[in-house]
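[1] coords please:
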Amino acid sequence: MKLKHIALAAALLAAAQVQAQETVVKIGHSGPLSGAQAFSGKDNESGARLAVEELNAKPITVAGKKVRFELQSEDDQGDPKAGVAAAQKLIDQGVKFVVGPYNSGVAIPASRAYNDGGVLIATVATNPKLTQQGYKGIYRVNASDTQLGGKMALYAANELKLKTVAVIDDRTAFGQGLAEEFKKQAKAAGMTVAGHEFTTDKSFDFTSILTKLKTRKVEAIFFGGYAPQAAPMARQMKQLGINARLLGGDTICTVEMGKLGGDAVGENVLCPQGGALLDKAASGPAFKSKFKARFKQDADVYAATYYDATMMYAQAMQKANSLDPQKVGAVISGGEYKGVAGNYSFDARGDMKQSPVTIFSFKAGQPSAITTY
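    Numbers count the residues shown, from 1 in each chain. Model (predicted):
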């Protein structure tokens, strides 16, 4: 009996020693895990989760200790107030590295809390104002509205040869910023913007706005907003006999758009995504198959980017040989990380130095790449 006790004590001591040589690092995730945009929030979370699981399977060592990563995920509901509360919760839990927020309307107010808490954030939020605040710990791991809205306008003018367009935005920080960038570039490219209408990210009936725009004989409507609104908009355009194309940002470039829009969403819908084509990226196909095997569904728009952002943090920790966010941030700011969805290097503001944009339309309900522009 005594031998059993001695063996158990030895095993417990060994486990304690291993734990003492192991450091737990929490990776925070903030995104819409409930509500109409939950499909995007969960996809992003899964990208980060896959990275955390792979890192723990290796594992990596920083400053002589093995690092075990834990994903701490918070539902910010895509709402600014809930997003600030989620940020505070992550800060209070000692999180120093965050992937997200997803929405610009959440990222802009939450970034102040993260900055004050000494937290680094890697976000796909696209509104240019985010990185214009002067905070040091923000990394936009995606094209900005300037690139997404601007490239969509250039494609519409130069490739589609459109002359007259209209704009609708949902008044969110994201939708408004994107629509303004599209409008600015559309005018610069010689297109006429025949109207700019407004809705909300809670609306589903756009009949009165669309009826007004129909009389202006526009060739395309650019929508600054999200798929849960863009899909019924496409359906209502079809019902009203509006043959104009529906253009939008990266948030409508998703399988959900095809699901919700049905036969109203096809080659008539065009949208940009930041980054080059995943299928043509060296490790893109391998990532897609790993993701599907783990989560039993295809990776959507930003799963690979959230995976990359998590891996970028880990690589920077190793290079800095430190878990201090200031030292990790200095490595990220001064270097480059080669990821699945692209190569990440940042200017002084935290914007990507280069971010190609791929234009998509839809085939059989799925986003289908046309060209990198």
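[2] Distance from stretch 280-290 to the middle of the chain?
    Relative to its parent chain, stretch 280-290 has a centroid offset of 18 Å by CA atoms, centre = their mean, to the nearest Å.
[3] So for it, what gets flagged as buried?
    For stretch 280-290, burial by neighbour count (16 or more other CB atoms under 10 Å) applies to 281, 284, 287, 288, 290. C-betas here are computed from N, CA, C, even on glycine.
[4] now swap in stretch 150-169 and tell me
    For stretch 150-169, the neighbour count (16+ other CB under 10 Å) marks 150-157, 162, 164-169 as buried.
[5] Sort out for me which of the buried residues of stretch 280-290 are in helices.
    Using DSSP state H, the members of the buried residues of stretch 280-290 that fall in helices are 284, 287, 288, 290.
[6] Just list the residues touching the last one, thanks.
    Residue 290 makes contacts with residue 50, as judged by CB atoms under 8 Å, 6 or more residues apart in numbering.
[7] let's see it at 10 Å
    The neighbours of residue 290, taking CB atoms under 10 Å, 6 or more residues apart in numbering as the test, are 50, 54, 283, 299, 307, 340.
[8] what does the second one give?
    With contacts defined as CB under 10 Å, 6+ apart, residue 287 is in contact with 47, 50, 278, 281, 299, 303, 304, 307, 308, 339, 340, 341.
[9] pLDDT wise, what is it at?
    Residue 287 carries a pLDDT value of 96.
[10] Any idea what the closest residue to residue 176 other than its chain neighbours is bridged to?
    Distance criterion CB to CB, 6 or more residues apart in numbering; nearest residue to residue 176, sequence neighbours excluded, is residue 169 at 5.1 Å. Applying DSSP bridges to residue 169 yields these beta-bridge partners: residue 198, residue 224.
[11] Now that residue 169 has come up, it's in contact with residue 195, right?
    No. Using CB atoms under 10 Å as the test, residue 169 is too far from residue 195 to be in contact (11.7 Å).
[12] Show me whatever sits in contact with both of the two.
    With CB under 10 Å, 6+ apart, residue 169 and residue 195 have no common neighbours.
[13] quick one: the most centrally placed residue in the chain from residue 177, how far?
    Centroid-nearest residue in the chain, with CA atoms, centre = their mean: residue 124, separated by 3.6 Å. Taking CB to CB, to the nearest Å as the measure, residue 124 falls 13 Å from residue 177.
[14] what touches both of those two?
    The contact sets of residue 124 and residue 177 overlap at residue 104 (CB under 10 Å, 6+ apart).
[15] Next up, the contacts around the residue nearest to residue 176.
    Taking CB under 10 Å, 6+ apart, one finds 175-180, 182-183, 196-201, 222-225 in contact with residue 169.
[16] Roughly how far does it sit from residue 197?
    Going from residue 169 to residue 197 by CB to CB gives 8 Å.
[17] Same question for residue 27.
    40 Å.
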